[in-house]
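Visitor: Here is a sequence together with a model predicted from it:
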Amino acid sequence: MQNTLKSPVTFEGVGLHGGAKVRMTIRPAAAGHGIWFRRTDIQVGDAMIPALYDAVDRTPLCTRLVNRAGVSVSTVEHLMAALAGTGVHNALIEIDGPEVPIMDGSSLAFLRGIMTRGVRSLDAPVVAYEVREAVTVERDGARATLKPSDRLVIEFHIDFEDAAIGRQSRTLDMGNGAFARELSDCRTFCRFSDVEGMQRNGLALGGSLENAVVVDGDHVLTPGGFRRADEAVRHKMLDALGDLALAGGPLLGHYVGEKAGHALTNTLLRKLFATPGAVRPVICDPRVSARLPGRGLALSEIPRVA
């Protein structure tokens, strides 16, 4: 069955790129509503923004949604991952600025907030999107693929010159609460030289060692270092889940990302839905529903971090 929150939950924090303080509330919504953002600071015109792949303005640093009136909300990927990872299909997200708060750079705060409020079932079946034929997109040495599977599997491979990250690979079946246990606490990461460049160009103004893992060659500058030895590739998987959640419903398919980012994953979704016969909607029976992300997740499974 479709799910929503039992009661609203509010978050406050700074936006990663603009650095301004943001207040955001996730509210329950009826079956069939889907995920929508509403900019509460927009007083004139259309303030509603759909969380759908065809509303994405493809940028390399984050996922930014824009409605037809040009109203936008950015850095939605960590929140979308938390919603997908808890099996929430319907929600209205009210936000008083153009960026989702970055929190600690992971999905952990969003996940904990949602699970603390609780998730309730609605009297409507889940419609998932089953990948029927493999599709692939490539750009500048990066590749992203979706191929058939009876559940959502995310596979990722990264290769960085910085020895603190290096080559990392991981594959994960996203069912049975795996997102919460394996990915939710994994933070965004970046190179120190890239941070300097972004801030000179007016980006990452809200970035700090408290909401990102910053590396410089073989050194990790963030106090405490990585939470997991392969936190970097796990965070890329977290991002991929959030970007794939913009399909408009759960995906049944095997995603493979090789040095891929937000823009390439969105290009992949666009190609999937534009390719005749590559994907089809399916009504999830209990057998299929049991394999969806978030099914059976318990609050006690959420990681504890210092």
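Guide: Great, that's in hand. Residues are numbered from 1 along each chain as shown.
Visitor: Return the per-residue confidence for R200.
Guide: At R200, the predicted lDDT confidence score is 62.
Visitor: Now P8: closest residue in space that isn't a chain neighbour?
Guide: Distances taken as CB to CB, 6 or more residues apart in numbering place R27 nearest to P8, at 4.7 Å, with adjacent residues excluded. For the C-beta atoms, the positions are set from N, CA and C on the backbone; glycine is no exception.
Visitor: ok, now I95?
Guide: M24 (4.4 Å).
Visitor: what's the helix or strand for that neighbour?
Guide: strand 21-28 (DSSP states H and E).
Visitor: which residues sit in contact with R112?
Guide: I302 (CB atoms under 8 Å, 6 or more residues apart in numbering).
Visitor: cool, and R280?
Guide: Per CB under 8 Å, 6+ apart, neighbours of R280: 129-130, 132.
Visitor: and what of S74?
Guide: So S74 contacts 15, 17, 59, 62-65, 98-100 (CB under 8 Å, 6+ apart).
Visitor: just how off-centre is stretch 150-162 within its chain?
Guide: 14 Å (CA atoms, centre = their mean, to the nearest Å).
Visitor: Please apply the same query to stretch 214-228.
Guide: 23 Å.
Visitor: Kindly report the same for stretch 35-48.
Guide: 21 Å.
Visitor: What are the buried residues along it?
Guide: 35-39, 42, 47 (16 or more other CB atoms under 10 Å).
Visitor: So which residues of the chain form helices?
Guide: 77-85, 108-117, 178, 192-200, 231-244, 262-274, 286-289 (DSSP state H).
Visitor: by contact count, what packs against the first one?
Guide: Helices and strands touching helix 77-85, as assessed by 3 or more CB pairs under 8 Å, 6 or more residues apart in numbering; DSSP states H and E, comprise helix 108-117, helix 231-244.
Visitor: That helix vs helix 108-117, what angle?
Guide: 40 degrees (axes from the mean of the first three to the mean of the last three CA atoms, to 10 degrees).
Visitor: Contact partners for L108?
Guide: 184-185, 302-303, 305.
Visitor: cool, and C186?
Guide: By CB under 8 Å, 6+ apart, the neighbours of C186 are 106, 227-228, 231-232, 234-235, 237-238.
Visitor: which one of those is nearest K147?
Guide: The shortest approach to K147 among these belongs to M237, at 16.4 Å (CB to CB).
Visitor: returning to what we had before: how about the buried residues of stretch 35-48 in JSON lines, adding pLDDT and distance to A69?
Guide: Formatted as JSON lines, the buried residues of stretch 35-48 follow (pLDDT from 0 to 100; distance: CB to CB, whole Å):
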{"residue": "I35", "pLDDT": "98", "distance to A69": "19"}
{"residue": "W36", "pLDDT": "98", "distance to A69": "14"}
{"residue": "F37", "pLDDT": "98", "distance to A69": "13"}
{"residue": "R38", "pLDDT": "98", "distance to A69": "13"}
{"residue": "R39", "pLDDT": "98", "distance to A69": "10"}
{"residue": "I42", "pLDDT": "95", "distance to A69": "9"}
{"residue": "A47", "pLDDT": "97", "distance to A69": "8"}
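Visitor: from the residues you listed, which two are the most distant?
Guide: Maximum distance among those (CB to CB): 18.1 Å, for I35 and I42.
Visitor: Residue most distant from the centroid, the chain?
Guide: V44 (29.0 Å; CA atoms, centre = their mean).
Visitor: For that residue, grab phi and psi.
Guide: For V44, the backbone dihedrals (degrees, to the nearest 10) come out as phi -130, psi 130.
Visitor: From V71, how far out is it?
Guide: 10 Å (CB to CB, to the nearest Å).
Visitor: Same check on F37?
Guide: 9 Å.
Visitor: what sits in contact with each of these two?
Guide: I49.
Visitor: and the residue nearest the centre of the chain, what does it touch?
Guide: With distances taken as CA atoms, centre = their mean, the chain has G242 as the residue nearest its mean C-alpha position (2.0 Å). Contact analysis of G242 by CB under 8 Å, 6+ apart lists 63, 76-82, 84, 107.
Visitor: now with 7 Å?
Guide: By CB atoms under 7 Å, 6 or more residues apart in numbering, G242 lies in contact with 63, 77-78, 80-81, 84.
Visitor: Which among those residues count as buried?
Guide: Using 16+ other CB under 10 Å, the buried members of the contacts of G242 are 63, 77-78, 80-81, 84.
Visitor: Would you reformat those as JSON lines and include distance to I165 and pLDDT?
Guide: Putting these into JSON lines (distance: CB to CB, whole Å; pLDDT from 0 to 100) gives the following:
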{"residue": "T63", "distance to I165": "22", "pLDDT": "96"}
{"residue": "E77", "distance to I165": "19", "pLDDT": "97"}
{"residue": "H78", "distance to I165": "19", "pLDDT": "98"}
{"residue": "M80", "distance to I165": "24", "pLDDT": "98"}
{"residue": "A81", "distance to I165": "20", "pLDDT": "98"}
{"residue": "A84", "distance to I165": "25", "pLDDT": "97"}
